[in-house]
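Colleague: how would this look folded up:
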Amino acid sequence: MSVRARFAPSPTGPVHIGNIRVAIFNWLYARHEGGRFLLRVEDTDRERSTPEALRVLLDALEWLGLDYDEPPLYQSTRIAAYQAAAKHLIRGGHAYRENKDGKGECVMFRMPGADIFYKDEIKGELHKRAEDLKDFLIVRSDGHAVFHLANVVDDIEMRVTLIMRGDDHVENTYRHVAMFRALGAEPPKYAHLPMIVNAQGKPYSKRDGDAFVGDFRDKGFLPQALFNYLTLLGWSPGDDREKLSREELINLFTLDRVKSGPAQVDLKKLLHLNGRYMAELPAETFVAGARRQLCACDWWRDVDDAYLRQVCALMQSRARIYPQVEEWKHFFFDAPDYEEKAVKKILGKGNDRALFGALKTRLESAAFTVEAVERALRAVETDLGLGHGHANQPVRVAVTGRSTGAGIAETLALLGKSRVLVRLDHALARLSG
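Modeller: Numbering: from 1, shown residues only. I've put the predicted structure just below:
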């Protein structure tokens, strides 16, 4: 039988990275096996499943490239099917009506009174004793099916062959296996994914940092980087590689490489991985993204397009997310905004006044190429008895106002002679003041 895997979210708000990781794993599994990836929208919560929440869900799937192979199934259109299934279970003796707490008649599923076993493709053989398996609610007194009934009925309708979901559903699966059999269907395979946790081993939430797909999108992360990173939360390619293309992930993804232990979120690793993807973007794509980000800055002003492209060419390999381009202000103004922390840490520790004065003198007569600027820096170090490269950081802070950036010679050459000389004068005045 051809593989049919599904993602069955409840659209009630922002899409958590734990939920979208379930979608990614199912998508990769289906693609690796040459099967079909299906979407079921569990939208029976009439108050929380709003059109806006559905749009957010579908946008997240589209942004990450998680295409589905058949039209989505919406549970809100399946009420009659659930009612019919409940009646079928009652007729067969697998369910019964009950008036719980005097709140009206509901329907309870009758557990079979036998131990239940099932093989989890990740956790192995799982077993629960009959005495620990209690009857449970499947239709509320208002006639609406609860999760358990709707879930199983739809998985039968969609001919799902593998249900891969979070391991918070392990206990539900015992109930679902019994219900599949009561409805005359063979239970599909099951695979329960490890939870995503924070540094303390607790479920990862908004309190720990960005937790929703929209958060990462809004902060300039690339979809291919987030897709890649979330795949590595609980799965391994079998070696120490971290950056893998979508095609590589499809080829490598198998359930035997999914880990059973919790997966810890490390946003620093994601940031580093995103930077690697940023560095590989086509120049035109990166320039367009940088321009969009810069145009949102209150200090931005239109600049020569050729100059912006030069700045982007220098800085692309150093940008990890698009919002970092807002730190490029020093490339577009005559005087930089100084980072006070960098000033206190680096400037004034040595004979910076002599350094800046000597460098200014050499640069005034130099051709302003990267090579000429590099020679001037090294010559000043020699003249002042400084070690190789010791002039770099003081000059960087004096000219850019920052302690980090691209190569100092490349930065000065791009800024141009007039800007650099003005900024050296500004730094000298600051030291004298």
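
Colleague: can we go C-alpha only for contacts and neighbour counts from here?
Modeller: OK.

Colleague: pretty sure Tyr68 contacts Arg40?
Modeller: No - counting by Cα atoms under 8 Å, Tyr68 does not reach Arg40; the two are 10.0 Å apart.

Colleague: okay, the two: which has more neighbours?
Modeller: Arg40 (20 against 16; other Cα atoms under 10 Å).

Colleague: show me what contacts that one?
Modeller: Arg40 is in contact with Arg6, Phe7, Ala8, Pro9, Pro72, Leu73, Tyr74, Gln75, counting by Cα atoms under 8 Å, 6 or more residues apart in numbering.

Colleague: now, which of these lie within strands?
Modeller: Arg6, Phe7, Leu73, Tyr74 (DSSP state E).

Colleague: Run through the bridge partners of the third one.
Modeller: In this structure, Leu73 has the following beta-bridge partners (DSSP bridges): Arg40.

Colleague: quick one on the thing from earlier: switch the contacts of Arg40 over to JSON lines; also include distance to Asp101.
Modeller: JSON lines is the format used below for those (distance: Cα to Cα, whole Å):
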{"residue": "Arg6", "distance to Asp101": "36"}
{"residue": "Phe7", "distance to Asp101": "35"}
{"residue": "Ala8", "distance to Asp101": "31"}
{"residue": "Pro9", "distance to Asp101": "31"}
{"residue": "Pro72", "distance to Asp101": "37"}
{"residue": "Leu73", "distance to Asp101": "34"}
{"residue": "Tyr74", "distance to Asp101": "31"}
{"residue": "Gln75", "distance to Asp101": "28"}
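
Colleague: how does the chain divide into domains?
Modeller: When the chain is parsed with automatic domain parsing, its domains come out as 4-71+196-271, 78-193, 282-331, 340-432.

Colleague: Using CSV, lay out those together with mean pLDDT.
Modeller: As requested, the domains of the chain are arranged in CSV below (pLDDT from 0 to 100):
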stretch, mean pLDDT
domain 4-71+196-271, 95
domain 78-193, 96
domain 282-331, 93
domain 340-432, 91
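
Colleague: on that earlier part again, closest to Ala86 among the contacts of Arg40?
Modeller: Nearest to Ala86, judged by Cα to Cα, of the contacts of Arg40 is Gln75 at 15.4 Å.

Colleague: Where does the residue nearest the centre of the chain sit: helix, strand or coil?
Modeller: Nearest to the geometric centre of the chain sits Leu226, at 3.6 Å (Cα atoms, centre = their mean). Assigned with DSSP: H, G, I helix; E, B strand; the rest coil, Leu226 falls in the helix class.

Colleague: Would you mind naming the helix or strand containing Phe356?
Modeller: Element membership for Phe356 (DSSP states H and E) is helix 352-364.

Colleague: For Gly18, see how far away Arg241 is.
Modeller: Separation of Arg241 from Gly18 (Cα to Cα, to the nearest Å): 22 Å.

Colleague: neighbour-wise, which of those two wins?
Modeller: Neighbour comparison, Arg241 and Gly18: the larger count goes to Gly18, with 24 against 9 (by other Cα under 10 Å).

Colleague: who does the helix or strand containing that one touch, helix- and strand-wise?
Modeller: Element membership for Gly18 (DSSP H and E) is helix 17-33. If contacts are counted by 3 or more Cα pairs under 8 Å, 6 or more residues apart in numbering; DSSP states H and E, helix 17-33 sits against strand 4-7, strand 36-41, strand 162-166, helix 223-231, helix 246-252.

Colleague: Quick check: next helix or strand after the third one?
Modeller: Along the chain past strand 162-166, the next helix or strand (assigned with DSSP H and E) turns out to be helix 170-182.

Colleague: Against which helices or strands is that next one packed?
Modeller: Secondary elements touching helix 170-182 (3+ Cα pairs under 8 Å, 6+ apart): strand 116-120, helix 147-157.

Colleague: Run the chain-centre distance for the last one.
Modeller: Between the mean C-alpha point of helix 147-157 and the mean C-alpha point of its chain there is a distance of 29 Å (Cα atoms, centre = their mean, to the nearest Å).

Colleague: May I have that helix exported as PDB, CA atoms only?
Modeller: Only the C-alpha atoms of helix 147-157 are listed here, as PDB (Å, rounded to 0.1, in the frame of the first residue of the first chain):
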ATOM      1  CA  PHE A 147     -11.100  14.600  19.300                       C
ATOM      2  CA  HIS A 148     -10.800  10.800  19.700                       C
ATOM      3  CA  LEU A 149     -13.800   9.900  17.500                       C
ATOM      4  CA  ALA A 150     -13.200  12.600  14.800                       C
ATOM      5  CA  ASN A 151      -9.500  11.700  14.700                       C
ATOM      6  CA  VAL A 152     -10.000   8.000  14.000                       C
ATOM      7  CA  VAL A 153     -13.000   8.400  11.700                       C
ATOM      8  CA  ASP A 154     -11.000  10.800   9.500                       C
ATOM      9  CA  ASP A 155      -7.900   8.700   9.500                       C
ATOM     10  CA  ILE A 156     -10.000   5.900   8.200                       C
ATOM     11  CA  GLU A 157     -11.600   8.100   5.600                       C
END
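
Colleague: Use 348 as the first number for this chain going forward.
Modeller: Sure thing, new numbering starts at 348, so read that last one as helix 494-504.

Colleague: tell me which strands and helices it is in contact with?
Modeller: helix 426-438, strand 483-486, helix 517-529.

Colleague: so of the ones you listed, which one's packed in deepest?
Modeller: Scoring those by mean neighbour count under mean count of other Cα atoms under 10 Å gives strand 483-486 as the most buried, with a mean of 20.

Colleague: What's the separation between the residue lying closest to Leu496 once chain neighbours are set aside and Ala558?
Modeller: Residue nearest to Leu496 in three dimensions, not counting chain neighbours: Ile485, with 5.5 Å by Cα to Cα, 6 or more residues apart in numbering. Separation of Ile485 from Ala558 (Cα to Cα) stands at 32 Å.
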